[in-house]
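Visitor: Sequence and predicted structure below; questions after.
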Amino acid sequence: MGDRTDTMRAFLDAFNAHDADLVMRFFGEVCVFETPRGPDPWGKRLEGKEAVRTGIAGRFEGIPDVHYGEDRHWTCGERGVSEWRLTGTTTDGVRIDVRGCDLFEFDGDRIVRKNSYWKIREQPAQ
């Protein structure tokens, strides 16, 4: 088993490369991605590699210049945390600049759960 903090750094690099196939190499065969938005308290839950890949590809399509920076990572046993700053512009022209984190669960060297959170930014009254 490798260093999971290195795994999380490489995982973020794959996101910044906008390469869904490379991102998916980090996931186990059985995996879950809980998105920061969705109809349920946990956002939207994507289960299985095909659904997770579709969700990852959707992030790249919806925010074509998405970038994760100012990151730091740590682990405790089978769990890991990545903190980051996400920037980008949606296809509707809305600029995004938020802090967020991913909570990971691992099985060996593979990610089996990615649970994402973003800050909700409020625009000042004009």
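Guide: Arrived safely, thanks for sending. A quick note: this is a predicted structure, and the numbers were derived from the prediction, not measured.
Visitor: in this structure, what spans have low per-residue confidence?
Guide: Within the chain, the stretches with pLDDT under 70 are 1-2, 126.
Visitor: what about the longest strand in it?
Guide: Counting by DSSP state E, the longest strand found in the chain is strand 95-107.
Visitor: and Val23, how many neighbours?
Guide: Using other Cβ atoms under 10 Å, Val23 is surrounded by 23 other residues. Heads up, the C-betas are built off the backbone N, CA and C, glycines and all.
Visitor: about what we covered before: quick one: strands adjacent to the longest strand of the chain?
Guide: The strands beside strand 95-107 in its sheet (DSSP bridges) come out as strand 79-89 (antiparallel), strand 110-118 (antiparallel).
Visitor: My read is that Arg9 contacts Asp71, right?
Guide: Yes: applying Cβ atoms under 8 Å as the test, Arg9 and Asp71 come out as touching, 7.3 Å apart.
Visitor: Determine the three-state secondary structure at Gly55.
Guide: Using DSSP: H, G, I helix; E, B strand; the rest coil, the structure places Gly55 in helix.
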